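A.B. asks: Sequence and computational prediction follow.
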Amino acid sequence: MGKAIYENYLKEKRRYLAFLVLVIGLGVSISGLSPYVFGEVIDIFSGEKQGDFKTWILAYAFLLLLAQVFSVLESLTGQWVVTSIENRMKSRLMERILRLRSRSADGFEKGELLNRLEFDVETVGDYYIDLVSSILMIVVNLVISVYFIFRISLELSLISVLFFPLMYLVNFAFQSRVRRLEAQQKKVEDQYYSFVGSLFTFLNPLKTFGIQDRMQERFEDFLKRRFQIEMKNVTLTSGISMLRSLLSSALNVILLTIAGIFITQGKMTVGSLVAFNSYLDMLFQAVSKMLELNLNRQSVVVSYERIQELEERELETETDGTYLLQEEIREVVLQKVHFSYRQEEPVLNGLAFSITEPGLYSLVGENGCGKTTVLKLLERLYDTDEGRICINGREIREYQMAGLRSRMAYMEKEPFFIQGTVYDNLRLGNEEVAEEQIEEACRRTGIHRDIMEMDRQYRTVLEEGGRNLSSGQKQKLGLARLLLRKDVSLYLLDEVTSDLDGGAEKQIAGQLERVAKNAIVISVSHKEELLRRRKRISLLYEGEIIESGTHKELLERSERYQKLYQTM
Ligand code: ADP
């Protein structure tokens, strides 16, 4: 784990790390000298040793001051290094999340992804910076303290050193329990963040269902579960550190007794006992830090595995084809396509259709019969399990995905908006488009007037997800964005007029008809206005196309279409 972390994240920042290590090294060396100087001051003061009292006091004051300066420098540098390394890790992880294949991403809840991106990265980052900065502290402290304690008293030092293996045993006995608890805690946190995320997404429906109290209860249940598991964790870690402290207290009492005897026998001075104690403390600190790092490693392993799990999921780039689509899409053929999201739950069963000329085409069928899935397969968000999808006679997997998608425009029932102005949002996917073109497209979808009534017109900032727009306005804006796309020859529209009134629907139908003169437009729609204008409607049933024809033809000959049409 350590090597991979170093290679992936720390290596490129190794100069910062080296600087941090230098600052820490100087800091601990300076602090390491002060107990020695303090012991000298006491012995000179009590007349046990000869020396210039003033010089030693000044030296002591100077060391303390320098130690303070280095401690501030260390925390500033430490924070800087930690944040830059963690930001690097987060940006790398986000890069992957944004490019995950849909099937890989389907396995994660939103809250879970957030938890991994934020807290797991921070656990791993903090640990390694702590490790790098502590190693030097540990080594310097070990060297200085061992040197001085052995110099002061060989007997006392030997007794002290015998205690350390016992402390390690305490750690060893508990480490697997620490790791188990950590994994449990992470799981509870994933669920907590996903739950809270969905509450915030659905604030309004929760009110209309009158289930705020129920949700509050569930939220409090989550808090309780988090509380319980946190308490378990704290109990365990404080139990471990209590056992370690008990051991060190026992050692202190033993040492004090023996040192008392040595002092009365004249084998030791009081000053050297004070210095011995400080150095022993330093040694304890170093050893405790080593043990603590070892224990923390257990939770880092859990976080690291969670990050790795994301790193190992398949990316879209890994399944990318090589052929660059440079011409228009003129032909879309599906041959015996089988597809399922989950094993044993087939969605498409040998679906086949072919479109060989521009025009408006529709997929209709009952809810859940797989219409949206067909559009997603065409966008290559998913790949077929069996069968082929060919575009211009070539298997879809052979194309470079970016090139393929730049020729397609996909719109869902609820178009997405990011925080930004109307202009910003309409430029998504087409950065160069001029303001006049944007306004023209908005006129064509009938949203221009609404925008002009907004307080800052096209510079009005749309809130997250377009919250300050009605659902119909969102669809009109989404459609305007669609019309602005250049070089598109295949439009995939999923219920994009579902929230429009009759007049608006007619206007959009007219626009789509215009687009369809030179492009293939496949839509999933139950709206009559759109269906009547379709060149061909394909009726999906149980994962297959069972009928195809114009609206009129299907009404005449298909009972199933008639039924569906009556319930639209
Ligand atoms: P339609 O558009 O015809 O209403 P869909 O293509 O959206 O139907 O869905 C077809 C089936 O696949 C449904 O049973 C749905 O529950 C299932 N499904 C859709 N998306 C997913 C997904 N990401 N994971 C698992 N099952 C899914």
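C.D. replies: Structure received.

A.B. asks: Packing partners of the lengthiest helix in the chain?
C.D. replies: If you go by DSSP state H, the chain has its longest helix at helix 212-264. In this structure, helix 212-264 makes packing contacts with helix 154-201, helix 270-312, judged by 3 or more CB pairs under 8 Å, 6 or more residues apart in numbering; DSSP states H and E. From N, CA and C alone the C-beta is placed, and that goes for glycine too.

A.B. asks: Deepest-packed of these, please.
C.D. replies: helix 270-312 (a mean of 19; mean count of other CB atoms under 10 Å).

A.B. asks: Now the element after that one, going C-ward?
C.D. replies: strand 332-342 (DSSP states H and E).

A.B. asks: And what about the residue nearest to I396 when sequence neighbours are not counted, helix, strand or coil?
C.D. replies: Spatial nearest neighbour of I396, excluding adjacent residues (CB to CB, 6 or more residues apart in numbering): I389 at 4.5 Å. Per DSSP: H, G, I helix; E, B strand; the rest coil, the secondary structure class of I389 is strand.

A.B. asks: ok, back up a step: off-centre distance for the longest helix of the chain?
C.D. replies: From the chain centre to the centre of helix 212-264 is a distance of 31 Å (CA atoms, centre = their mean, to the nearest Å).

A.B. asks: Okay, angle between it and helix 154-201 too, please.
C.D. replies: Computed by axes from the mean of the first three to the mean of the last three CA atoms, to 10 degrees, the angle separating helix 212-264 from helix 154-201 equals 170 degrees.

A.B. asks: Would you mind getting the angle between helix 212-264 and helix 270-312?
C.D. replies: Using the same axes, to 10 degrees: helix 212-264 against helix 270-312 is 150 degrees.

A.B. asks: pLDDT on helix 212-264, on average?
C.D. replies: Mean per-residue pLDDT for helix 212-264: 91.

A.B. asks: now stretch 169-184
C.D. replies: Mean predicted lDDT for stretch 169-184 stands at 89.

A.B. asks: would you say H526 is within a strand?
C.D. replies: No: with three-state DSSP as the criterion, H526 is located in coil rather than a strand.

A.B. asks: On the pLDDT front, check it for me.
C.D. replies: 74.

A.B. asks: so how far is the first residue of stretch 103-122 from its last?
C.D. replies: In stretch 103-122, first residue to last residue: 27 Å (CA to CA, to the nearest Å).

A.B. asks: Report the buried residues of the helix or strand harbouring A509.
C.D. replies: Assigned by DSSP H and E, A509 falls within helix 502-515. Residues of helix 502-515 classed as buried by neighbour count (16 or more other CB atoms under 10 Å): A504, E505, Q507, I508, A509, Q511, L512, V515.

A.B. asks: again with stretch 425-440
C.D. replies: So stretch 425-440, judged by 16+ other CB under 10 Å, has buried residues N425, L426, R427, V433, I438, E439.

A.B. asks: pull the CA atoms of it into PDB?
C.D. replies: This file holds the C-alpha atoms of stretch 425-440, laid out as PDB (Å, rounded to 0.1, in the frame of the first residue of the first chain):
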ATOM      1  CA  ASN A 425     -25.900  26.700 -19.400                       C
ATOM      2  CA  LEU A 426     -26.800  27.000 -23.100                       C
ATOM      3  CA  ARG A 427     -23.100  27.000 -24.000                       C
ATOM      4  CA  LEU A 428     -22.500  23.600 -22.400                       C
ATOM      5  CA  GLY A 429     -21.300  21.400 -25.200                       C
ATOM      6  CA  ASN A 430     -20.800  24.300 -27.500                       C
ATOM      7  CA  GLU A 431     -18.600  26.900 -26.000                       C
ATOM      8  CA  GLU A 432     -18.200  29.200 -29.000                       C
ATOM      9  CA  VAL A 433     -21.800  29.900 -29.800                       C
ATOM     10  CA  ALA A 434     -22.700  33.600 -30.000                       C
ATOM     11  CA  GLU A 435     -25.200  35.400 -27.800                       C
ATOM     12  CA  GLU A 436     -27.400  36.100 -30.800                       C
ATOM     13  CA  GLN A 437     -27.500  32.500 -31.700                       C
ATOM     14  CA  ILE A 438     -28.500  31.500 -28.200                       C
ATOM     15  CA  GLU A 439     -31.300  34.000 -28.200                       C
ATOM     16  CA  GLU A 440     -32.500  32.800 -31.600                       C
END
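
A.B. asks: what mean pLDDT would you report for that stretch?
C.D. replies: pLDDT averaged over stretch 425-440 gives 91.

A.B. asks: how near is the residue nearest the centre of the chain to E314?
C.D. replies: By CA atoms, centre = their mean, the chain has its centre lying nearest to L117, at 2.5 Å. Taking CB to CB, to the nearest Å as the measure, L117 falls 18 Å from E314.

A.B. asks: just T269 next, same as before
C.D. replies: Here T269 is placed at a distance of 70 Å from E314 (CB to CB).

A.B. asks: what do you get for M231?
C.D. replies: 39 Å.

A.B. asks: Among these two, which residue is more densely surrounded?
C.D. replies: Counted by other CB atoms under 10 Å, M231 and E314 do not tie: E314 has more neighbours, with 13 against 10.

A.B. asks: hang on, isn't that one packed against L100?
C.D. replies: Yes: applying CB atoms under 8 Å as the test, E314 and L100 come out as touching, 7.5 Å apart.

A.B. asks: I'd like the average pLDDT over stretch 44-52.
C.D. replies: Mean pLDDT, computed over stretch 44-52, is 83.

A.B. asks: Give me the angle between the helix or strand where T83 lies and helix 270-312.
C.D. replies: Here T83, judged by DSSP H and E, is contained in helix 53-99. Angle of helix 53-99 versus helix 270-312, following the same axes, to 10 degrees, is 10 degrees.

A.B. asks: elements contacting helix 53-99?
C.D. replies: Counting by 3+ CB pairs under 8 Å, 6+ apart, helix 53-99 packs on helix 14-45, helix 121-152, helix 270-312.

A.B. asks: relative orientation of that helix and helix 121-152 in degrees?
C.D. replies: If you take the same axes, to 10 degrees, helix 53-99 sits at 150 degrees to helix 121-152.

A.B. asks: tell me the mean pLDDT over the next helix or strand after helix 53-99?
C.D. replies: Later in the chain than helix 53-99, the nearest helix or strand by DSSP H and E is helix 102-106. For helix 102-106, the mean pLDDT works out to 88.

A.B. asks: Averaged over its residues, which helix or strand of this protein has the lowest pLDDT?
C.D. replies: Scoring the helices and strands of the chain by mean pLDDT, DSSP states H and E places helix 528-532 at the bottom, with a mean of 67.

A.B. asks: near the ligand, which residues of the chain show up?
C.D. replies: With the criterion set to CB under 6 Å from any ligand atom, the chain comes near the ligand through D106, Y341, R342, V347, G365, N367, G368, C369, G370, K371, T372, T373.

A.B. asks: Now, those that are in strands?
C.D. replies: Y341, R342, V347 (DSSP state E).

A.B. asks: just those now: which is nearest the ligand?
C.D. replies: Y341 (3.3 Å; CB to the nearest ligand atom).

A.B. asks: The closest residue to that closest one other than its chain neighbours: what's it in contact with?
C.D. replies: Excluding the flanking residues, the one nearest Y341 by CB to CB, 6+ apart is V347, at 6.4 Å. Taking CB atoms under 8 Å, 6 or more residues apart in numbering, we find V347 in contact with F339, S340, Y341, G370, T373, G543.

A.B. asks: Could you do R459 as well?
C.D. replies: T421, V422, Y423.
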